[in-house]
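Undergrad: sharing a model prediction with you, sequence too.
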Amino acid sequence: MVHDRDELDKAFNKELFIIKNDLYYQQLEFKQNGKKELLRLDISYKPQSSLSGDTYSLRKTKDGRLVGFVADAMGKGLSAALTSMGTTRFLNYFFDELEDEGKFSFEAWIKKFIKFTKTNLMDDELLSISFLELDLKNALVHYALCGMPSLLGVSQDNELIIIKSNNPPMMNFTDAIKIDTLSTLSLCKLLCYSDGLSESFTQDDKPYAKKMRVDFLDSVCVGDFHGKVRQAIGEGDDDITYVYVHKLDFHQAFETLSMESSYEAIESALGVMSLYLKGHEVSSKCTSEIILTFSELLLNALEHGSFGVNKERKNYLIEHNMFDKEMMHLESLHKHKMITIRYGVVINENRKMFEATITDNGRGFDTKMLKNIVINAQNFNGRGFIIIKKLLDHFYFNEKGNAITIQKVLKL
């Protein structure tokens, strides 16, 4: 029995490895209509068992388009899992192939997959799948929904938009798929999901679909929506996958604090943040969690960013009782390098959230390494990130990896 469990765990880790997400814990900055905007795209993947019929991937093209899919294979168990793994493997392979040829086309990508399904789906097998392409440059989203639930959008005026499926589920005789286009100029949020989310039952035995729309409309961020989902349906009744897209203006009204690269400046900055949170009547529990997070992140910005000390070097210095002396020396050399904190409280009708961005002058890092948090959290070496993940509702890095944005939903 233990051997079977180990094999299932290996199979699930293999599935997670095959899934690709080029935007793990990353937000994008871009300009639209002369304004600086942010795009945050998050995926929640909660299979009911190691053999999941749900799958997804999110890719970024060389010219900056975001391409992805959410799929739900018919049935349960091994058969559905094999279909979902095959879907993920070959859609990612086709994406890489088209990118390598320098001519990625959303339509060509889907056509290649249609050809694949003709020889890989059984006669009575169905595959529900949503294909999406976000073209940030032209403010468009191209979509093909095949037997999947409606896309949900929220306009800048906070109105709910329902975009219904435009294709039947895929079968081995599917010859073509209709692709439609929607302008994103007036959109601020988009939700793409499998039916495990909408068809799970709430605690009063009602399908979540109707309340899900209200929760999505009212959510101030993806962490807020995660909390609403957990409160309504717990673990759910089926595999649950959803993509939460949030486009928002750069927070011009936020406070800005610039500090020199020194340990004394960190203490001073923590004092400023404590007073700011107290002024906004943040609870003592939330304040403690935010200050602990800031302490961890500012030390990272100082030692790894400003001082350029990597993890291996830091471990060596600590093991040889040289750390404090070396940090004091590096502080004298790099004190002039500035660390910037932008922070503020975002308020909607019935929720408020603290958000802050810490930016250093370092070289950054490849955020794709954070996939290890998802695949194998217990063996992930980024202790600081694990702590932050537990204390916060969410966090994002910029593309370079030298700035982190943190979010904490505040209790009213």
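TA: Done, it's in. Residues are numbered from 1 along each chain as shown.
Undergrad: any idea which helix or strand carries Val70?
TA: strand 66-73 (DSSP states H and E).
Undergrad: show me which strand runs longest in the chain.
TA: Scanning the chain for the longest strand, with DSSP state E as the assignment, gives strand 35-46.
Undergrad: who does the helix or strand just after that one touch, helix- and strand-wise?
TA: For strand 35-46, the succeeding helix or strand toward the C-terminus, using DSSP H and E, is strand 54-60. Packing partners of strand 54-60 (3 or more Cβ pairs under 8 Å, 6 or more residues apart in numbering; DSSP states H and E): strand 35-46, strand 66-73, helix 77-100, strand 240-249. In this view, the C-beta of every residue, glycine as well, is placed from N, C-alpha and C.
Undergrad: list the contacts for the closest residue to Met148 other than its chain neighbours?
TA: Nearest residue to Met148 in three dimensions, chain neighbours excluded: Ser130, at 4.5 Å (Cβ to Cβ, 6 or more residues apart in numbering). When contacts are counted by Cβ atoms under 8 Å, 6 or more residues apart in numbering, Ser130 touches Phe69, Val70, Ala71, Tyr143, Ala144, Leu145, Cys146, Met148, Leu151, Cys192.
Undergrad: go on, Leu248?
TA: Contacts of Leu248 by Cβ under 8 Å, 6+ apart are Glu37, Leu38, Arg40, Cys188.
Undergrad: dig out what it forms beta bridges with.
TA: Beta-bridge pairing for Leu248 (DSSP bridges): Leu38.
Undergrad: and the contacts of Ser130, which two are the farthest apart?
TA: Ala71 and Leu151 (14.8 Å; Cβ to Cβ).
Undergrad: CSV please, covering the contacts of Ser130 and showing pLDDT.
TA: CSV is the format used below for the contacts of Ser130 (pLDDT from 0 to 100):
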residue, pLDDT
Phe69, 97
Val70, 97
Ala71, 96
Tyr143, 98
Ala144, 98
Leu145, 98
Cys146, 97
Met148, 97
Leu151, 97
Cys192, 97
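Undergrad: can you tell me which of these are in helices?
TA: Among those, no member falls in helices (criterion: DSSP state H).
Undergrad: list only buried entries from the residues you listed.
TA: Buried subset of the contacts of Ser130 (neighbour count, 16 or more other Cβ atoms under 10 Å): Phe69, Val70, Ala71, Tyr143, Ala144, Leu145, Cys146, Met148, Leu151, Cys192.
Undergrad: what's across from the nearest residue to the fifth one once chain neighbours are set aside in the sheet?
TA: On the basis of Cβ to Cβ, 6+ apart, the spatially nearest residue to Ala144 that is not a chain neighbour turns out to be Phe131, at 4.4 Å. On DSSP bridges, the residues paired with Phe131 through beta bridges are Phe69, Ala144.
Undergrad: contacting residues for Phe131?
TA: Gly68, Phe69, Phe106, Trp109, Ile110, Tyr143, Ala144, Leu145, Cys146, Ile177, Ile179.
Undergrad: same thing but at 7 Å, please
TA: Going by Cβ atoms under 7 Å, 6 or more residues apart in numbering, Phe131 touches Phe69, Ile110, Tyr143, Ala144.
Undergrad: and which of these is nearest to Arg89?
TA: Among the contacts of Phe131, Phe69 lies closest to Arg89 (Cβ to Cβ), at 12.4 Å.
Undergrad: residues in contact with that closest one?
TA: Phe69 neighbours (Cβ under 7 Å, 6+ apart): Tyr56, Ser57, Leu91, Ile129, Ser130, Phe131, Leu132.
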